[in-house]
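Undergrad: Make a model of this:
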Amino acid sequence: MRQNGKVVNAKTVSKSWIRNFLKEFDNDLRLGRGSGLDPKWAQAFNYTTVHHHFKLLSNYLKDNDIPWENVYNMDEKGVQLGGGRKNSQIRYFFSRDDCMMYRGKSDDLQLVTILDCVCADGTVDIKPGFVFSGVGKFGEWFKVHDDIV
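TA: Numbers count the residues shown, from 1 in each chain. Purely as a prediction, here's the structure:
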């Protein structure tokens with residue numbers, strides 16, 4: 001704004017300015033809640049570090065005659081089912097006369113791990129895996145399914 005000769009002060013950026021700005025750049029920007037990022041991770045995630053990592057990886061693959069189709073990445077994500085989300089943005093309707101605004105909450109919290117794997121060159125379609133907590137195993141879990149690569 002200063003580049004365009006406009007004065008910038010504490011009153012310059014109002015809610016209507018932000019709303020109009022977002023409307024103007026609707027295809028490029030959106031509001032959202034950011035996730036926390038460890039400062040050490042943020043510091044390591046820069047062009048120089050990432051470029052160096054992939055250069056080392058590329059050299060290793062070339063030196064050992066490993067094709068990109070044999071490079072895979074696996075990631076896991078833990079999910080909690082059944083409640084326990086303190087920062088949930090879900091809102092409920094309550095009577096204005098009701099002073100106690102409680103909602104039922106499940107005490108049956110289950111943890112599920114989701115496993116995802118991708119091939120570096122995208123040639124293999126690997127289905128995600130789900131890990132549920134339990135005490136027993138079924139024999140059918142260990143049979144190979146036709147849809148699994």
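Undergrad: mind checking how far stretch 137-149 is from the chain centre?
TA: Distance, stretch centre to chain centre, for stretch 137-149: 28 Å (C-alpha atoms, centre = their mean, to the nearest Å).
Undergrad: just for the protein, where's the confidence low?
TA: Residue ranges of the chain with pLDDT under 70: 1-5, 8, 10-12, 33-35, 82-108, 135, 145, 148-149.
Undergrad: tell me what the longest helix along it is packed against?
TA: Looking across the chain with DSSP state H, the single longest helix is helix 47-63. Applying 3 or more C-beta pairs under 8 Å, 6 or more residues apart in numbering; DSSP states H and E, one finds that helix 47-63 contacts no other helix or strand. Backbone N, C-alpha and C define where each C-beta goes, glycine included.
Undergrad: Strands of the protein, start to end?
TA: For the chain, applying DSSP state E gives strands covering 72-81, 110-119, 129-132.
Undergrad: Buried deepest among the ones you listed, which one?
TA: The highest mean neighbour count among these, using mean count of other C-beta atoms under 10 Å, belongs to strand 110-119: a mean of 14.
Undergrad: Run the angle between that one and strand 72-81 for me.
TA: Using axes from the mean of the first three to the mean of the last three C-alpha atoms, to 10 degrees, the direction of strand 110-119 lies 160 degrees away from that of strand 72-81.
Undergrad: For strand 110-119, name the packing helices and strands.
TA: strand 72-81, strand 129-132.
Undergrad: Okay, now the sheet partners of it, with direction.
TA: Its sheet considered, strand 110-119 pairs with strand 72-81 (antiparallel), strand 129-132 (antiparallel) by DSSP bridges.
Undergrad: if we can go back for a sec, just send the strands of the chain back as JSON lines, with distance to Thr49 too.
TA: JSON lines is the format used below for the strands of the chain (distance: least, C-beta to C-beta, whole Å):
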{"stretch": "strand 72-81", "distance to Thr49": "18"}
{"stretch": "strand 110-119", "distance to Thr49": "22"}
{"stretch": "strand 129-132", "distance to Thr49": "30"}
